[in-house]
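Colleague: Take this sequence and fold it.
(one chain, ligands or ions: 1)
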Amino acid sequence: MMETNKIRACALFMIAALLLVVSAWAVEKTGLLAKWDFEEIGLKGWTLDAPSKDFVFALEKDSVHSGKACVRMEKLQDASSRPGYAYANIKIPQGSGFNSVKMQLFVRTKGLSDGEAVIRILLHREGKVIDMIPMSRNGKEPFIALPASEQWVQVKGTGVVPRDIDSLTVIVASTVGKGIVWLDDISVEGSVEEADANQNTDKKQDAGK
Ligand SMILES: [Ca+2]
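Modeller: Residues are numbered from 1 along each chain as shown. All right, here's what the predicted structure looks like:
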């Protein structure tokens, strides 16, 4: 009887150990690629590309979401063929195998309607832009539309990316309208998601039929 109990205990231990190994193996591989809270680092990493002074991208110390600073993007004129944008490059660690990118940020706006300011993410391979990531909720539009809100709101976007990309460019732009966007606590995370990647591929194939 004693021996049977020992065998049972041993079998249970082995099953528990096996489950632990399987669950560890199934855990997603994730990594933070970039984070901007605009505190000590300020606007380091961001570049403004605007043909006139009608487009502003600057640090703001009032009404922040976190700490003592956020960023203010302001479009002073409605009519402009090329208003401008601000961008930041992010390197993807070699061999990470990331096939999904998640972006989170906090935003508030003044004077702009839903979607008049957007965030786009460009994919690069060997120094060349190869695509934009569809980041919207339905996985089709190649941007995150920023909502009109005078209070801070969290915005999230997730997109599938090829495993062999080497960098991303995050672009903040205002398409139409005249107004202000404040951004804070922007983070970009890469992950390896087997199931999701397959589902999204299926969706794309369905959409193409
Ligand atoms: Ca902050």
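Colleague: hey, let's count contacts and neighbours off CA atoms from now on
Modeller: Fine.
Colleague: what does the protein have sitting close to the ion?
Modeller: Taking Cα under 5 Å from the ion as the test, the list of the chain residues beside the ion reads 37, 66, 67, 69, 70.
Colleague: Assess the claim that the fourth one and residue 37 are in contact.
Modeller: Right, residue 69. Yes. In terms of Cα atoms under 8 Å, residue 69 counts as a neighbour of residue 37; the distance is 7.5 Å.
Colleague: who touches both of these two?
Modeller: Shared contacts of residue 69 and residue 37 (Cα atoms under 8 Å, 6 or more residues apart in numbering): residue 184.
Colleague: so what secondary structure elements neighbour the lengthiest strand in the chain?
Modeller: Using DSSP state E to assign secondary structure, the strand with the most residues in the chain is strand 179-192. For strand 179-192, the contact count by 3 or more Cα pairs under 8 Å, 6 or more residues apart in numbering; DSSP states H and E identifies strand 29-36, strand 70-75, strand 100-110 as packing neighbours.
Colleague: Where do the helices of the chain begin and end?
Modeller: Across the chain, reading from the start of the chain, the helices by DSSP state H fall at 2-26, 194-208.
Colleague: Report the beta-bridge partners for residue 47.
Modeller: With beta bridges defined as DSSP bridges, residue 47 has these partners: residue 87.
Colleague: Check the burial of it by counting its neighbours.
Modeller: Residue 47 sits with 14 neighbouring residues when counted by other Cα atoms under 10 Å.
Colleague: Tell me where the model's unsure across this structure.
Modeller: Across the chain, the ranges flagged by pLDDT under 70 are 1-4, 10, 13-28, 79-81, 136-139, 195-209.
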